[in-house]
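Engineer: What follows is a predicted protein model with its sequence.
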Amino acid sequence: MTRIHPTAIVDPKAKIADDVEIGAYSLIGPNVEIGSGTVIGPHVVVDGHTRIGVQNRIFQFCSIGAEPQDKKYAGEPTRLEIGDRNTIRESCTFNLGTVQDAGVTRVGNDNWIMAYVHVAHDCQVGNNVIFANSVQLAGHVHVGDFVILGGLSGVHQFVRIGAHSMAGMTTSLSQDLPPYVMASGNPATTHGINSEGLKRRGFSPEAIAALRRAYKTLYKSGLRLEEARQAIAEEQGTHPELQPLVDFISVTGRGIVR
């Protein structure tokens with residue numbers, strides 16, 4: 001049976017699974033869907049065309065599905081989609097998408113998102129990420145799986161962050177951070193690969209060694225970016241874990257942290 005606190009306001013048009021818990025003074029809008037086992041804390045606003053999956057925990061004072069902070073937004077029915085088993089701590093803000101992009105902001109599964117995190121319009125966040133307190137994503141940011149962003153880090157709009165990468169606290173990312181790479185600082189500079197994280201996720205010693213060589217090719221060899229990409233690509237036949245790195249640096253955009 002749904003457990004809705006008597007002070008919560010839930011629009012009758014909202015689609016709420018039978019076992020969802022909604023805390024005191026929370027507000028749920030008419031175009032919201034909330035899946036089984038999800039717990040919405042007190043003083044949470046969930047609005048817009050928002051779909052939340054199963055077994056999520058959303059803590060107090062979060063704003064989920066509010067209009068994007070974009071002056072071009074004109075009330076279009078854009079969306080926010082949140083997957084399963086996410087922990088979203090106090091005072092986080094997740095905004096709807098815009099029609100200038102895909103029209104949807106997405107957050108995947110099994111993410112650990114700490115207090116005061118902002119996920120702006122049209123961001124695409126993968127699975128198993130960790131955002132420490134006060135991480136701020138501007139619009140159109142793409143974040144791969146298993147990314148870790150340290151507290152008070154900021155990410156410029158349209159930046160891509162590759163899978164298994166890591167940024168230290170207060171990092172300012174105004175360019176793309178390739179997969180597996182660690183960075184910190186303002187402006188961000190790189191500091192090798194996230195070898196400890198890769199070990200924890202089951203990467204073999206041989207795979208980690210290949211990624212270390214690729215990092216040296218990309219950052220220490222003096223090669224131009226395209227030359228480094230070609231050199232790394234020559235090894236990916238025997239080391240398939242290099243494929244995501246090659247694909248990532250093949251895409252032109254804001255350039256990579258380098």
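Structural biologist: Cool, the structure landed. Computed from a prediction, not measured in an experiment: that's the story for all the values here.
Engineer: Show me the residue at the heart of this protein, geometrically.
Structural biologist: In the chain, the centroid-proximal residue (Cα atoms, centre = their mean) is Val125; its distance is 3.0 Å.
Engineer: where does Met1 land on pLDDT?
Structural biologist: With respect to pLDDT, Met1 has a value of 65.
Engineer: now do the one 3 residues further on
Structural biologist: pLDDT for Ile4: 97.
Engineer: distance of the nearest residue to it once chain neighbours are set aside from Val39?
Structural biologist: Sequence neighbours aside, Ile22 is the residue nearest to Ile4 in space, at 4.6 Å (criterion: Cβ to Cβ, 6 or more residues apart in numbering). C-beta: built from backbone N, CA, C; applies to glycine. Here Ile22 is placed at a distance of 8 Å from Val39 (Cβ to Cβ, to the nearest Å).
Engineer: Tell me if I'm right that the residue nearest to Ile4 and Ile40 touch.
Structural biologist: Yes - between Ile22 and Ile40 there is a contact at 4.6 Å, judged by Cβ atoms under 8 Å.
Engineer: Comparing those two, which residue is more hemmed in?
Structural biologist: Remark: of Ile22 and Ile40, Ile40 carries more neighbours, 31 against 27, as counted by other Cβ atoms under 10 Å.
Engineer: quick one: the strands in the stretch 151-258 of the chain?
Structural biologist: Ranges of strands in the stretch 151-258 of the chain, per DSSP state E, counting those that start in this stretch, are 154-155, 160-161, 166-167, 172-173, 181-184, 189-193.
Engineer: Rebuild the ones you listed as a markdown table, extending it with distance to Val246.
Structural biologist: Formatted as a markdown table, the strands of the stretch 151-258 of the chain follow (distance: least, Cβ to Cβ, whole Å):
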| stretch | distance to Val246 |
| --- | --- |
| strand 154-155 | 23 |
| strand 160-161 | 14 |
| strand 166-167 | 20 |
| strand 172-173 | 21 |
| strand 181-184 | 14 |
| strand 189-193 | 15 |
